[in-house]
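Chemist: can't give you the sequence, but here's the structure:
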């Protein structure tokens, strides 16, 4: 019984570590994305959406940023990154597998990082 409790606690700690690492990785990735997009498009980033998608090679993170240039023209920049399933929180992976298409995880990111996007 004590061994089972220790196993459950260890599994919970490992899952918490995966979740924290996943969101921290996305936060860093988005920060880099915004800096590069501002340089490339020479426009202010107005918004960002983050999506998840299950693919054959693993799991794909998709970030779409929306910019408005000085001439009032809108631009959308999409950047993708493939990561192993083992690095994705179970609830995000389940959503992506269930939908079999891009799943918007922007609100999940906002809640996790306590940001206003």
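Modeler: Arrived safely, thanks for sending. It should be emphasised that the depicted structure is a prediction, and the values quoted were computed from it without experimental measurement. Numbering: from 1, shown residues only.
Chemist: now name the helix or strand holding the spatially most central residue of the chain.
Modeler: Here the mean C-alpha position of the chain is nearest to the C-alpha of residue 26 (C-alpha atoms, centre = their mean), at a distance of 4.7 Å. Under DSSP states H and E, the secondary-structure element containing residue 26 is helix 2-41.
Chemist: which element follows the helix or strand bottoming out on mean pLDDT in the chain toward the C-terminus?
Modeler: Across the helices and strands of the chain, mean pLDDT, DSSP states H and E gives its lowest value to helix 2-41, namely a mean of 58. Read in the C-terminal direction, the helix or strand following helix 2-41 is strand 44-55, with elements assigned using DSSP H and E.
Chemist: and that next one, which residues are buried?
Modeler: By neighbour count, with 16 or more other C-beta atoms under 10 Å as the criterion, the buried positions of strand 44-55 are 45, 48-54. Backbone N, C-alpha and C define where each C-beta goes, glycine included.
Chemist: now distance to residue 100 and pLDDT too, for those residues, in CSV please.
Modeler: CSV is the format used below for those (distance: C-beta to C-beta, whole Å; pLDDT from 0 to 100):
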residue, distance to residue 100, pLDDT
45, 30, 79
48, 24, 84
49, 19, 88
50, 18, 87
51, 13, 88
52, 12, 86
53, 9, 88
54, 7, 86
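Chemist: of those, which is the nearest to residue 22?
Modeler: Of all the buried residues of strand 44-55, residue 52 has the smallest distance to residue 22: 10.0 Å, by C-beta to C-beta.
Chemist: check contacts around that closest one.
Modeler: Residue 52 makes contact with 59-62, 88, 92-93, 95-96, 102-103, 105 under the criterion C-beta atoms under 8 Å, 6 or more residues apart in numbering.
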